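Q: Sharing a model prediction with you, sequence too.
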Amino acid sequence: MSAHRIFLLSPANTGGKRAGLLLNDKASFPLAVRLRSGDGAPIGEVFSFLSGLYFRGKLAYATAFERAADATGSLVITSCRGLVPTATSIGLEDLREFARVAIDAGEPLYTSPFAADAKRLRTRVGPDADVVLLGSIASDKYVSVLADVFGEHLLFPADFVGRGDMSRGGLMLRCVREKRELDYVPVAGSLRRGSRPARLIPVRARRSPRDPAR
């Protein structure tokens with residue numbers, strides 16, 4: 001078992017409708033107000049708002065199971081700033097900058113800082129550290145950079161194959177509640193697309209013995 005287990009979280013959509021809510025100068029809900037302030041808000045919290053269940057699941061899961069001796073073990077992939085710790089504060093201008101750069105394997109403004117940070121991470125944690133991608137491996141937008149740096153130590157949850165974003169988010173939140181870590185497999189040589197698995201069985205609230213039968 002590696003001494004380090006680092007999670008890399010795929011980013012939220014910074015150009016969608018929920019981003020528009022945050023970028024509205026007249027927005028009065030707390031997160032939007034904090035983003036306009038000098039202090040900003042943690043990128044993990046902002047992306048959880050933008051993405052909803054999927055990113056919230058990734059953030060909770062990575063926080064619960066990361067294993068890094070000398071620094072954070074949960075990093076967010078960004079469109080133009082490489083890998084950023086989930087607790088890093090950002091503001092509205094940062095969000096606008098993210099939205100201007102496409103997350104595409106052919107976009108150097110995205111891939112250059114991403115690759116540079118991945119190499120720095122590998123130097124910091126060592127060549128045998130496990131790096132787990134919590135994001136899609138169906139395309140090359142993340143894998144093309146990470147596989148070159150981490151090789152067989154780039155892992156992903158096997159249960160992600162075939163699931164949509166909402167299902168992945170729900171699965172990770174359930175694992176956090178159950179204190180159960182998923183099984184990881186190397187990206188290299190793995191099936192990157194597959195049939196959709198059975199839907200998660202809803203978790204029903206436990207009823208006290210004193211509660212009336214329903």
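A: Arrived safely.
Q: what about the helices in this structure?
A: Taking DSSP state H as the criterion, the chain carries its helices at 17-23, 30-36, 43-51, 53-65, 92-100, 108-125, 140-150, 165-178.
Q: can I get those in a markdown table with mean pLDDT and mean neighbour count?
A: (Each C-beta comes from the backbone N, C-alpha and C, glycine too.) Putting the helices of the chain into a markdown table (pLDDT from 0 to 100; neighbours: other Cβ atoms under 10 Å) gives the following:
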| stretch | mean pLDDT | mean neighbour count |
| --- | --- | --- |
| helix 17-23 | 94 | 15 |
| helix 30-36 | 94 | 16 |
| helix 43-51 | 96 | 23 |
| helix 53-65 | 96 | 22 |
| helix 92-100 | 95 | 16 |
| helix 108-125 | 96 | 17 |
| helix 140-150 | 94 | 19 |
| helix 165-178 | 96 | 18 |
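Q: Out of those helices, which gets nearest to S74?
A: Between S74 and the helices of the chain, the shortest gap by Cβ to Cβ is with helix 53-65, which sits at 4.0 Å.
Q: Tell me which other helices or strands the closest one touches.
A: Applying 3 or more Cβ pairs under 8 Å, 6 or more residues apart in numbering; DSSP states H and E, one finds that helix 53-65 contacts strand 5-9, helix 43-51, strand 74-77, strand 130-134, helix 165-178.
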